[in-house]
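Participant: I need the structure of the sequence given here:
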Amino acid sequence: MSTTSETEQTPKRNPNTMYNWIAGIGFTFFIAFLGYLLAMVPGFNHVGQLASAIIIAVVYRQLFGYPEVLRAGITFSSKRLLRVAIILYGLKLNIDIVLRDGLGLLARDALIILFAISLTVWLAKVLKADKMISLLLGVGTGVCGAAAIAAVAPIVKSKDEDTAIGVGIIALMGTVFSIVYTVLRPILPIDALDYGIWSGMSLHELAHVAIAAEPAGQDALAIALLAKLGRVFLLVPLCFILIFLMRRKNAANGEQNTKVAFPYFLLGFILLSILGSYVFGHSIPVSDNVMQGVYTLTSWLLTAAMVGLGLNVSFKDLRARALKPLLAMTIASICLSIFAYFII
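Facilitator: As a prediction, the model looks like this:
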């Protein structure tokens, strides 16, 4: 007969574990809410909720340190909720419109993505900038900003801190470029539709495209979003190309295990893109209010996830590792704008 009691044999569970997990998730949404409020302040209204929330998260980390007791919930937001947000982001991609009306733009979008990533990576090499952050910035610049960075991060095995730095830079710089575009619009010798195509092919995120193109009129905004959706569409083949390249790199380095974790959430992104393009609103009626609600939920989930990543950022590392990638990305973005202008 064993002298060890049943109580001693059973591992003790921390009754506060679930509470801390929920509190950690709630904490990321709280900072996301603060970012929402900050985005209402003049000046920050152009920056947007996502970038504002990341700024608050990074500042909190520097002042108070990482809230270790909430780590489990924060990690859940930065990883699990991030994947859910990317899956829901697929509803914003109307494949039918891209394939029906945007095939010509799609070819130019492919050139844009190749140009942006290649130039950013090359400049990073010349400037001796951090390779991982520069690659993420190249992808974000070429495709669709934060969502693209979040999608490729697990494929290229990016650290959470690098992902957060990349997202923060792309959100802030994309906002700057969208404002510059609105200033340049009246003096550019192109019509509203060409301006819309230029904005859609060269700006970083859907929100940035909307900010820049809306003042040019509804037709310009529609063609701008179509050009941008083509770049979002190309995120899927880009991810598969990166998986292939990472496997080749691992094999070349003599690694026995050359497998690269497949981002299965990408399948959800594709599925919802198909449903949003051919089912919702067609076979299954869905009101605009419902879809708008899903888009809002997506934005909040993505913001909370980015807060979780932002809490991993140290200013010391930011100064040491982000300045040169920022320079490379800024030069590449300017060159991309010029390149896109001449192929519209």
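
Participant: Low-confidence stretches in this protein?
Facilitator: 1-15, 255-261, 317-318 (pLDDT under 70).

Participant: show me what contacts the residue nearest the centre of it?
Facilitator: Centre of the chain computed as the mean C-alpha position; nearest residue by C-alpha atoms, centre = their mean is Ala146, 1.4 Å away. Shown in contact with Ala146 (C-beta atoms under 8 Å, 6 or more residues apart in numbering): 50, 140, 167, 170-171, 205, 302, 306. The C-beta positions use only the backbone N, C-alpha and C, and glycine is treated the same way.

Participant: 10 Å - rerun?
Facilitator: 50-51, 54, 82, 85-86, 89, 140, 163, 166-168, 170-171, 174, 204-205, 207, 302-303, 305-306, 309 (C-beta atoms under 10 Å, 6 or more residues apart in numbering).

Participant: where's it, which helix or strand?
Facilitator: helix 145-152 (DSSP states H and E).

Participant: Quick one: name whatever helix or strand follows that helix.
Facilitator: According to DSSP H and E, the helix or strand after helix 145-152 is helix 160-184.

Participant: Show me what secondary structure element comes after that following helix.
Facilitator: Next element after helix 160-184 (DSSP H and E): helix 192-202.

Participant: in terms of contact count, name the helices or strands touching that following helix.
Facilitator: helix 103-127, helix 160-184, helix 206-213, helix 218-233, helix 315-343 (3 or more C-beta pairs under 10 Å, 6 or more residues apart in numbering; DSSP states H and E).

Participant: Try it again at 8 Å.
Facilitator: Judged by 3 or more C-beta pairs under 8 Å, 6 or more residues apart in numbering; DSSP states H and E, helix 192-202 is in contact with helix 103-127, helix 206-213, helix 218-233, helix 315-343.

Participant: Can you say which of these is nearest to Ile179?
Facilitator: Nearest of the helices and strands packed on helix 192-202 to Ile179, taken as C-beta to C-beta: helix 206-213 at 7.4 Å.

Participant: quick check, distance from the closest one to the centre of its chain.
Facilitator: 15 Å (C-alpha atoms, centre = their mean, to the nearest Å).

Participant: same for that helix, what does it pack against?
Facilitator: Partner elements for helix 206-213 (3+ C-beta pairs under 8 Å, 6+ apart): helix 160-184, helix 192-202, helix 218-233.

Participant: repeat that with 10 Å
Facilitator: helix 49-64, helix 145-152, helix 160-184, helix 192-202, helix 218-233.

Participant: quick one, the second one and helix 206-213 angle?
Facilitator: Going back to what we said before, that points to helix 145-152. 160 degrees (axes from the mean of the first three to the mean of the last three C-alpha atoms, to 10 degrees).

Participant: Distance from helix 145-152 to the middle of the chain?
Facilitator: Centroid displacement of helix 145-152 relative to its chain, using C-alpha atoms, centre = their mean, is 3 Å.

Participant: now it and helix 160-184, what's the angle there?
Facilitator: Using the same axes, to 10 degrees, helix 145-152 lies at 150 degrees relative to helix 160-184.

Participant: C-alpha coordinates for helix 145-152, PDB please?
Facilitator: The C-alpha atoms that make up helix 145-152 are tabulated as PDB, following Å, rounded to 0.1, in the frame of the first residue of the first chain:
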ATOM      1  CA  GLY A 145       1.300  46.300 -44.400                       C
ATOM      2  CA  ALA A 146       0.700  44.800 -41.000                       C
ATOM      3  CA  ALA A 147      -1.400  41.800 -42.200                       C
ATOM      4  CA  ALA A 148       1.300  40.700 -44.600                       C
ATOM      5  CA  ILE A 149       4.000  41.000 -42.000                       C
ATOM      6  CA  ALA A 150       1.900  39.000 -39.500                       C
ATOM      7  CA  ALA A 151       1.200  36.300 -42.200                       C
ATOM      8  CA  VAL A 152       4.800  35.800 -43.200                       C
END
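
Participant: before we move on, back to that, tell me which of the helices and strands packed on helix 192-202 sits nearest to Asn20.
Facilitator: helix 315-343 (26.1 Å).

Participant: Does Arg61 touch Gly308 like I think?
Facilitator: No. Assessed by C-beta atoms under 10 Å, Arg61 is found out of contact with Gly308, at 11.1 Å.

Participant: which residues are in contact with both of those two?
Facilitator: Common neighbours of Arg61 and Gly308 (C-beta under 10 Å, 6+ apart) are Ala164.

Participant: So for the two, which sits in the more crowded spot?
Facilitator: Comparing Arg61 with Gly308 by other C-beta atoms under 10 Å, the one with more neighbours is Gly308, at 29 against 18.
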